[in-house]
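Colleague: Build me a model:
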Amino acid sequence: MATEAHGGEEGGLVFHPMDQFIVKPLFGDGAVGLFTVTNATLWLALTVLAIIALMVLGTGKRAIVPSRTQSVGELAYGFVYKMVEDVTGKEGVKYFPYIMTLFMFIVFANFLALIPMSFSTTSHFAVTVVLALAVFLTVTVLGFIKNGASFLELFWVSSAPLALRPVLAVIEIISYFVRPVSHSIRLAGNIMAGHAVIKVFAGFAAIAVISPVSILAITAMYGLEVLVAFIQAYVFTILTCVYLKDALHPHH
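Modeller: Model prediction:
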């Protein structure tokens, strides 16, 4: 999140909105290695623990009259289940646990990143690319397992004129392999941009003349980022459902 602006060598206003995305060792100031515990790994672990707290511990004592925690868990479950069922059909419901896991991880990571002095894990392509590639590979493998070679009919637009079909097939293939790129960049880009803008406004808050305006801007941006945190998790999840539908029903 935003940090306080500091003066440069000549006393000017200097702030670095992208510094908040730097991965740093949690203990010490050494280089980041393969097994280094960093601020990123800390907040990834907290995301997992928060999901467990809600979905396992919070719903462990299920009651007819649900507690607040149970209500939130059931609401999230019902929301994602209906999304999967509406987009992919009954056949796609068996893959609900995977899609539910994706949604919960992204939405919790996004919301935890809104805590002051936290770290935004989903603003890093190292995280979003792994999620997008996992979806891409899973859907592609599933498509061939379920449909065999007929899965390739996904790229053949049979409703188009015959002369245009080869051209459209090339376009469809390119767009298919671009999916993980757009899938990952959309999430990371939106989260990164929002946090960077908040930090820019926080830097201007150090100037007394425009401090009230800056605080109002930060408040408005923070409210917008709350919406973005949920919307980006929803977009990532529903696109996963669309890709899953293509794998299950390539003829449609």
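
Colleague: need the longest helix for this protein.
Modeller: helix 165-204 (DSSP state H).

Colleague: quick one: buried residues of whichever helix or strand comes after that helix?
Modeller: Heading C-terminal from helix 165-204, the first helix or strand you meet, by DSSP states H and E, is helix 211-248. By 16 or more other C-beta atoms under 10 Å, the buried positions in helix 211-248 come out as 214, 217-218, 221-222, 225, 228-229, 232-241, 243-248. In this view, the C-beta of every residue, glycine as well, is placed from N, C-alpha and C.

Colleague: Report the rounded mean pLDDT for helix 211-248.
Modeller: For helix 211-248, mean pLDDT rounds to 93.

Colleague: which regions of the stretch 1-150 of the chain lie under the pLDDT threshold?
Modeller: With pLDDT under 70 as the threshold, the stretch 1-150 of the chain has low-confidence stretches at 1-15.

Colleague: Lys82 sits in which helix or strand?
Modeller: Judged by DSSP H and E, Lys82 forms part of helix 68-88.

Colleague: just checking, what packs against that helix?
Modeller: helix 96-112, helix 211-248 (3 or more C-beta pairs under 8 Å, 6 or more residues apart in numbering; DSSP states H and E).

Colleague: Just put these in JSON lines and tack on distance to Gly60.
Modeller: Putting those into JSON lines (distance: least, C-beta to C-beta, whole Å) gives the following:
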{"stretch": "helix 96-112", "distance to Gly60": "17"}
{"stretch": "helix 211-248", "distance to Gly60": "24"}
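
Colleague: Quick check: end-to-end length of stretch 109-127?
Modeller: 11 Å (C-alpha to C-alpha, to the nearest Å).

Colleague: Likewise for stretch 152-165?
Modeller: Stretch 152-165 has an end-to-end distance of 13 Å (criterion: C-alpha to C-alpha).

Colleague: List the contacts of that stretch.
Modeller: Residues outside stretch 152-165 that contact it (C-beta atoms under 8 Å, 6 or more residues apart in numbering) are Gly143, Leu168, Ala169, Glu172, Ile173, Tyr176, Asp246, Pro250, His251.

Colleague: Next: stretch 56-69.
Modeller: Leu54, Gln70, Val72, Gly73, Glu74.

Colleague: One more: stretch 18-34?
Modeller: The contact list for stretch 18-34, computed with C-beta under 8 Å, 6+ apart, reads 1-3, 36-42, 119-120, 123-124, 192, 195-196, 199.

Colleague: Buried among the residues you listed? Make that a ChimeraX selection.
Modeller: Buried members of those can be picked out in ChimeraX with the line below, counting by 16+ other C-beta under 10 Å:
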select :1,2,36,38,39,40,41,119,120,123,124,192,195,196,199
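
Colleague: List the ones among the contacts of stretch 18-34 that fall in helices.
Modeller: Reading helices off these with DSSP H, I get Asn39, Ala40, Thr41, Leu42, Met192, His195, Ala196, Lys199.

Colleague: For the first one, list the residues it contacts.
Modeller: Put plainly, it is Asn39. Taking C-beta under 8 Å, 6+ apart, we find Asn39 in contact with Val23, Lys24, Leu26, Phe119.

Colleague: so what's the backbone phi/psi at the residue nearest to it when sequence neighbours are not counted?
Modeller: On the basis of C-beta to C-beta, 6 or more residues apart in numbering, the spatially nearest residue to Asn39 that is not a chain neighbour turns out to be Phe119, at 4.5 Å. Taking degrees, to the nearest 10, you get phi -130, psi 130 for the backbone angles of Phe119.

Colleague: does Phe119 really touch Ala109, like I thought?
Modeller: No. Taking contacts as C-beta atoms under 8 Å, Phe119 lies outside contact range of Ala109: 9.7 Å.

Colleague: how about stretch 215-229 as PDB, C-alpha atoms only?
Modeller: These are the backbone C-alpha positions of stretch 215-229, laid out as PDB (Å, rounded to 0.1, in the frame of the first residue of the first chain):
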ATOM      1  CA  ILE A 215      -7.200  12.200   1.200                       C
ATOM      2  CA  LEU A 216     -10.500  12.300  -0.600                       C
ATOM      3  CA  ALA A 217      -8.900  10.800  -3.700                       C
ATOM      4  CA  ILE A 218      -7.300   8.000  -1.600                       C
ATOM      5  CA  THR A 219     -10.700   7.300   0.000                       C
ATOM      6  CA  ALA A 220     -12.400   7.100  -3.400                       C
ATOM      7  CA  MET A 221      -9.700   5.000  -4.900                       C
ATOM      8  CA  TYR A 222      -9.700   2.700  -2.000                       C
ATOM      9  CA  GLY A 223     -13.400   2.200  -2.400                       C
ATOM     10  CA  LEU A 224     -12.900   1.500  -6.100                       C
ATOM     11  CA  GLU A 225     -10.200  -1.000  -5.300                       C
ATOM     12  CA  VAL A 226     -12.500  -2.900  -3.000                       C
ATOM     13  CA  LEU A 227     -14.800  -3.400  -6.100                       C
ATOM     14  CA  VAL A 228     -11.900  -4.200  -8.300                       C
ATOM     15  CA  ALA A 229     -10.600  -6.800  -5.900                       C
END
